[in-house]
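[1] Structure, please.
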Amino acid sequence: MPEGDTVWHTAAALREQLVGRTLTRCDVRVPQFATVDLAGQVVDEVLSRGKHLFIRVGPASIHSHLKMDGSWRVGKRPVRVDHRARIILEAGNIQAVGIDLGVLEIRDRDHDVDAVAHLGPDLLGDDWDPRRAAANLVGDPDRALAEALLDQRVMAGVGNVYCNELCFVSGHLPTAPVRAVADPLRLVSRARDMLWVNRFRWNRCTTGDTRAGRQLWVYGRAGQSCRRCGTPIVQQNPPGGTVERVRYWCPTCQR
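    Below you'll find the predicted structure:
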């Protein structure tokens, strides 16, 4: 499930392979931008902002958001391409393919970040400001903690995995009101720490134990024993079965 660390890592991989190279192919498979051809332009920069990714090419910027199932594949040709491809970029023998991207648009480079102007401080960005993030978090003290953590206007980068893990390490139920958090600054700083240590790996770890099956406290562990107290982890599915809002918690450790 793509979260801020996944997007940061993806941007790093694209940056390593594409920056400084001239595009030899640009195939955009989104009707609104299908006529855009950036072949012949140099890739100048790749950057992430929360869960958003920008590839700056000449006067344009390719803006994408992975949503739930999206990904970028990059490497030496040929990279596997199927009907889910939304864009194919080639620079000599390097190929980058955007798969199942939730958002893909070509923007004016000079104004590309307007698309993310509403976001809070980026947990992995140069604008990270824990005090601002903490103030945003407590802006609505009666709001459910999980809902506030997932709001990208509070801080950019937390997805459902980190949301559930943060609720656990803070000792609160996902439905607890934000006002129950005694130290909001500590909580947002913990969020930053979690994403920061995971930014270079695809399999994230929040427990400090990177062995298979031991990486997470509660997420995806319904019915399994809590790593702290042994109580079975509880799962709650939201109405409509929205995967990105599934909740996991320990009824003993979280109150």
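
[2] and residue 10, that one's in a strand?
    No - using DSSP: H, G, I helix; E, B strand; the rest coil, the secondary structure at residue 10 is helix, not a strand.

[3] Quick check: it vs residue 130, distance?
    For residue 10, the distance to residue 130 (C-beta to C-beta, to the nearest Å) stands at 25 Å. C-beta coordinates here come from the backbone N, C-alpha and C atoms, glycine included.

[4] which one of those two has more residues nearby?
    Neighbour totals were compared for residue 10 and residue 130, and residue 10 leads with 22 against 18 (other C-beta atoms under 10 Å).

[5] Remind me which helix or strand the closest residue in space to that one that isn't next to it in sequence belongs to.
    Once flanking residues are discounted, residue 10 sits nearest to residue 72: 5.2 Å by C-beta to C-beta, 6 or more residues apart in numbering. Assigned by DSSP states H and E, residue 72 belongs to strand 71-76.

[6] and what of residue 53?
    Using DSSP H and E, the element containing residue 53 is strand 52-57.

[7] average pLDDT for that strand?
    What strand 52-57 shows for mean pLDDT is 98.

[8] That strand pairs with which strands, parallel or anti?
    strand 43-49 (antiparallel), strand 60-65 (antiparallel) (DSSP bridges).

[9] got the ones you listed as TSV, with mean pLDDT, mean neighbour count and distance to residue 191 columns?
    Below are these laid out as TSV (pLDDT from 0 to 100; neighbours: other C-beta atoms under 10 Å; distance: least, C-beta to C-beta, whole Å):
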stretch	mean pLDDT	mean neighbour count	distance to residue 191
strand 43-49	97	21	16
strand 60-65	98	22	20
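
[10] Please render those as TSV that adds distance to residue 174 to the earlier fields.
    As requested, the strands paired with strand 52-57 are exported to TSV (distance: least, C-beta to C-beta, whole Å):
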stretch	distance to residue 174
strand 43-49	26
strand 60-65	24
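
[11] List just the one of those that sits closest to residue 186.
    When these are compared by C-beta to C-beta, strand 43-49 sits nearest residue 186, at 24.7 Å.

[12] how many other residues sit next to the nearest residue to residue 38 once chain neighbours are set aside?
    For residue 38, ignoring the flanking residues on the chain, the nearest one in space by C-beta to C-beta, 6+ apart is residue 26 at 4.2 Å. Neighbour count of residue 26, defined by other C-beta under 10 Å: 20.

[13] Spell out the secondary structure type for residue 26.
    Going by three-state DSSP: residue 26 is strand.

[14] swap in residue 207?
    Residue 207 ends up coil, using three-state DSSP.

[15] correct me, but it touches residue 221?
    No - using C-beta atoms under 8 Å, residue 207 makes no contact with residue 221, being 10.9 Å away.

[16] mind exporting stretch 10-20 as PDB, just the C-alpha atoms?
    Written as PDB, here are the backbone C-alpha positions of stretch 10-20 (Å, rounded to 0.1, in the frame of the first residue of the first chain):
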ATOM      1  CA  THR A  10      10.000   5.600  -5.900                       C
ATOM      2  CA  ALA A  11      11.100   9.200  -6.600                       C
ATOM      3  CA  ALA A  12      14.700   8.200  -5.600                       C
ATOM      4  CA  ALA A  13      14.600   5.300  -8.000                       C
ATOM      5  CA  LEU A  14      13.300   7.400 -10.900                       C
ATOM      6  CA  ARG A  15      15.700  10.100 -10.200                       C
ATOM      7  CA  GLU A  16      18.700   7.800 -10.300                       C
ATOM      8  CA  GLN A  17      17.700   6.300 -13.700                       C
ATOM      9  CA  LEU A  18      16.200   9.400 -15.500                       C
ATOM     10  CA  VAL A  19      17.600  12.700 -14.300                       C
ATOM     11  CA  GLY A  20      20.000  14.200 -16.900                       C
END
